[in-house]
Structure formats: structure tokens, C-alpha cells
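> Got a sequence here, can you model it:
(one chain, ligands or ions: 1)
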Amino acid sequence: MKRTGGSDEAKRRAGERAAAEVEDGFVVGLGTGSTTAHAIRAIGEAVENGLEVRGIPTSFQSRQLALEVGIPLTSLDAVSSVDLAIDGADQVVDTDDGTEQVLERSDAGDGDLIKGGGAAHTREKIVDAAADRFVVVADPSKLVDRLSGPVPLAVVPDAHTVVADAVRELGGEPSIRAAECKDGPVVTDAGNLVLDCSFGPLEDPEHLASRLASIPGVVEHGLFVGRTDATYVGSESGVEVREY
Ligand SMILES: O=C(CO)[C@H](O)[C@H](O)COP(=O)(O)O
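This is a model prediction of the structure:
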């Protein structure tokens, strides 16, 4: 697939394609970000036309949007299962050469993700992992042969220095995410700080994921390894589907 910068049209197509999977009676995990926002709007439209669903938002942003478009909300502890979660990503491993539609999950890690660009990855991982089916919506700019972006860590605030030391020991370069509209750091919906940790191209995301998860003070990291069931890649002309 041609890898170009993402357009809103590409995001819209991916989001709407995923929203079309939502069936009557579904409990749906509502991810965070500009691509998922298209899915949430499309689900809202379907609700207006009679579809009965309940949504579980993964952030303040997705909750607000869901309320705005009229999606009835519930919470994870009020349901026995989540049928589908739809969410975006900052990087998606995609080694498809365009010749096949259905891929086996390969050693290359197709479908593995880095998330957390919106600082919502803790709640996103909880909801996405709880779903029977987890669908990622992306534009081509998100596709990579290998994960290499900074890995966001949600960190208990006063643990940020000890976590940063531990990240350096693992070969990473941590940096506290700064807020754009206020002095000081980004604070997540749950009151944590975000450390963006650069490791360069990741040789073994699964191993790194388990090392990061074991650092005291790390609430959650943004590596999603082996969790994705499908990726919908929107473009200006259509949507390519990857099933794993
Ligand atoms: O992980 C996320 C938020 O924590 C988002 O899903 C990710 O940043 C993608 O966002 P967008 O669709 O706006 O590019």
C-alpha cells in the first residue's frame, strides 16, 4: 500500500467502515482520537436512525462526543461483555504487500500498535482488551514495517524520575510530555503524567512491553502487542481491511 500522510477523508472512511460493523444490541468500546471520532459520529447517526447500542468511552473526549451525538453510555463494570471496540493508533505494523486480503499474524507483528498520542492509552487498553473484537481505524500514514515511535507511559506523578531512570536502563530516552495550552505537563484523565520514551526501531515489542509493565510507577504503556483483530485503513478512494 502507498504510504502517504493521513487526510481527514481517509480517517473518515476508516471510521465509518468500522462503525458499519456495529449491530443492534451491541456494547461498543469508543476509542479516542480524530479517526475514531468519525466512527463515533457514524454510530451516533445510526442511533438516530433506530440502532440500539451502548457505548463505553475511553476518554473524556470520546465521552463528550458520544453524548453530543446521542449514543447511550454505559461502563465496563455494568456490562457482562463488550462486543466490539473501535480505536485509532499512532503506529500500526503492516507488512502487507497488497497481494493478500487476509493475513496470518506473522512474526513481523502485523497489527501491533503504539497508542497513547492522546494520552488515553490506559483506558483504551482496558476497554479494547475487554472486547470480543478489537478493530483499529487508521490512515496510511500510521502504517509502519516496524514500530519505532516513542512509547508513551502513563506514570504516577511523583514516580516520574524513578520510572525515567528505569527506562534509561532499558536503553530508552524518556521525556515528560508537555501540555500545549498550559504551563507544565500533560495530565491524563486519571491524573497521571505521560513519559514519551524513544527506543528507536523496536526489535522485540513483546519483550519491551513486559519490561515496561514491570516498572513500579508505570500505570500503563502504549504498546499493544497481539491485541488487534482487524485494521481498517482508509484512503482517499476506499478502505483496505486487514484481518489477523
Ligand atoms: O492512541 C490514541 C489516543 O491515546 C489515538 O487513538 C491515537 O493517538 C490516534 O489518534 P488519531 O486518530 O487522532 O490520529
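> Which secondary structure elements does the longest helix seen in the chain sit against?
Ranked by residue count, the top helix of the chain under DSSP state H comes out as helix 34-48. Using 3 or more CB pairs under 8 Å, 6 or more residues apart in numbering; DSSP states H and E, the elements in contact with helix 34-48 are helix 8-19, strand 27-30, helix 60-68, strand 82-87, strand 131-138. Heads up, the C-betas are built off the backbone N, CA and C, glycines and all.
> anything in the next helix or strand after it near the ligand?
With elements assigned by DSSP states H and E, the helix or strand that comes after helix 34-48 is strand 54-57. No - with CB under 6 Å from any ligand atom as the criterion, the ligand is not reached by strand 54-57; the gap is at least 12.2 Å.
> circling back to that earlier point, wait, which of the helices and strands packed on helix 34-48 is closest to Leu113?
Of all the helices and strands packed on helix 34-48, strand 131-138 sits nearest to Leu113, with 6.5 Å by CB to CB.
> partners of the next helix or strand along the chain from that closest one, with directions?
Downstream of strand 131-138, the next assigned helix or strand under DSSP H and E is strand 143-144. The strands beside strand 143-144 in its sheet (DSSP bridges) come out as strand 91-93 (parallel).
> can you list the residues that contact the partner strand?
The contact list for strand 91-93 (CB atoms under 8 Å, 6 or more residues apart in numbering) reads 108-114, 136, 138, 142-149, 228, 231, 233.
> I'd like the average pLDDT over it.
For strand 91-93, mean pLDDT is 98.
> Off-centre distance for that strand?
10 Å (CA atoms, centre = their mean, to the nearest Å).
> Beyond that strand, next helix or strand please.
strand 113-114.
> Quick one: distance of that following strand to the chain centre.
Strand 113-114 sits 7 Å away from the centroid of its parent chain (CA atoms, centre = their mean).
> Check stretch 23-35 too.
That offset, for stretch 23-35, works out to 12 Å (CA atoms, centre = their mean).
> before we move on, the earlier item: out of the helices and strands packed on helix 34-48, flag the one nearest Thr74.
Of all the helices and strands packed on helix 34-48, strand 27-30 sits nearest to Thr74, with 6.6 Å by CB to CB.
> so what are the domain limits for this structure?
8-145+224-243, 151-218 (automatic domain parsing).
> could you check whether the shortest one is close to the ligand?
No - with CB under 6 Å from any ligand atom as the threshold, domain 151-218 lies outside contact range of the ligand, at a closest distance of 7.6 Å.
> and that domain, how far apart are its ends?
Start to finish, the residues bounding domain 151-218 are 12 Å apart (CA to CA, to the nearest Å).
> for stretch 139-156, same thing?
32 Å.
> residues of that stretch that come out buried?
139-140, 142-144, 147, 149-156 (16 or more other CB atoms under 10 Å).
> Now do Ile215 against Gly33, distance only.
26 Å (CB to CB, to the nearest Å).
> where does this protein come near the ligand, residue by residue?
Going by CB under 6 Å from any ligand atom, the residues of the chain near the ligand are 31-35, 87-90, 115-121, 124.
> coming back round to it: please convert the buried residues of stretch 139-156 to CSV, extending it with pLDDT.
Below are these laid out as CSV (pLDDT from 0 to 100):
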residue, pLDDT
Asp139, 97
Pro140, 96
Lys142, 97
Leu143, 97
Val144, 97
Leu147, 98
Gly149, 92
Pro150, 98
Val151, 98
Pro152, 98
Leu153, 98
Ala154, 98
Val155, 98
Val156, 98
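> Identify the farthest-apart pair in those.
By the measure CB to CB, Pro140 and Val156 form the most distant pair in the buried residues of stretch 139-156, at 36.1 Å.
> how about the nearest residue to Leu153, chain neighbours excluded?
Residue nearest to Leu153 in three dimensions, not counting chain neighbours: Leu195, with 4.5 Å by CB to CB, 6 or more residues apart in numbering.
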